[in-house]
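>>> Kindly generate the corresponding structure for this input.
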Amino acid sequence: MDKKILGKQLKQIRLSRGISQEKLSELVFLSPRQMSIIETGNSYPSLDTFIRIAEVLEFDINEFFNINIKEKDDLRMCIIELIKATDRKHLNLIKDIIDAVEKNWH
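Numbers count the residues shown, from 1 in each chain. Model prediction:
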């Protein structure tokens, strides 16, 4: 997902919950400037930060990314569990691989 789109969606959810950017940044342990940088699409939040934002704003991460997981889809569940345990460096590598596959798929 593009940084700008992600930031815009997070901002829309935050506003719909009636929470100020300053309050959200406090609740997720970020500076207001860091929160602004995420919402303006100039940076991705870390996975931990994104999870904290989802918890505070009470939205489902799967729905946020329109992930529809079937109960018996073991491969997807395995991949999701691996991603949850992956550090940021490796997440960036995974993203680059997926982007390359998508680019060459079409």
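>>> any idea which helix is longest in this protein?
For the chain, the longest helix by residue count, based on DSSP state H, is helix 88-105.
>>> Give the other helices and strands that it contacts.
Contacting helix 88-105 under the criterion 3 or more CB pairs under 8 Å, 6 or more residues apart in numbering; DSSP states H and E is no other helix or strand. Just so you know, the C-beta spots here come from the backbone N, C-alpha and C atoms, and that holds for glycine as well.
>>> what's next to it, contact-wise?
Contact with helix 88-105 is made by Ser46, Leu47, Ile83, Thr86, as judged by CB atoms under 8 Å, 6 or more residues apart in numbering.
>>> mind giving me the domain split of the chain?
Under the assignment automatic domain parsing, the domains of the chain span 3-64, 74-105.
>>> Dead centre of this structure: give me the residue that sits there.
In the chain, the residue lying closest to the centroid (CA atoms, centre = their mean) is Phe50, at 5.0 Å.
>>> check contacts around it.
Neighbours of Phe50 in contact, by CB under 8 Å, 6+ apart: Ile61.
>>> Show the pLDDT at it.
pLDDT recorded at Phe50 is 94.
>>> That one: helix or strand, and which one exactly?
For Phe50, the host element (DSSP states H and E) is helix 47-57.
>>> now for the very next helix or strand once past that helix, which elements pack on it?
Where DSSP H and E defines the elements, the next helix or strand beyond helix 47-57 is helix 61-64. Helix 61-64 sits against helix 47-57, with contacts defined as 3+ CB pairs under 8 Å, 6+ apart.
>>> Convert the C-alpha atoms of the helix it packs on to PDB, please.
Output of helix 47-57 as PDB, limited to C-alpha atoms (Å, rounded to 0.1, in the frame of the first residue of the first chain):
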ATOM      1  CA  LEU A  47       4.600  -2.600  12.400                       C
ATOM      2  CA  ASP A  48       4.500  -2.100  16.200                       C
ATOM      3  CA  THR A  49       3.200   1.400  15.800                       C
ATOM      4  CA  PHE A  50       0.600   0.400  13.200                       C
ATOM      5  CA  ILE A  51      -0.700  -2.300  15.600                       C
ATOM      6  CA  ARG A  52      -0.900   0.300  18.400                       C
ATOM      7  CA  ILE A  53      -2.700   2.700  16.200                       C
ATOM      8  CA  ALA A  54      -5.200   0.000  15.200                       C
ATOM      9  CA  GLU A  55      -5.700  -0.900  18.800                       C
ATOM     10  CA  VAL A  56      -6.300   2.700  19.900                       C
ATOM     11  CA  LEU A  57      -8.600   3.500  16.900                       C
END
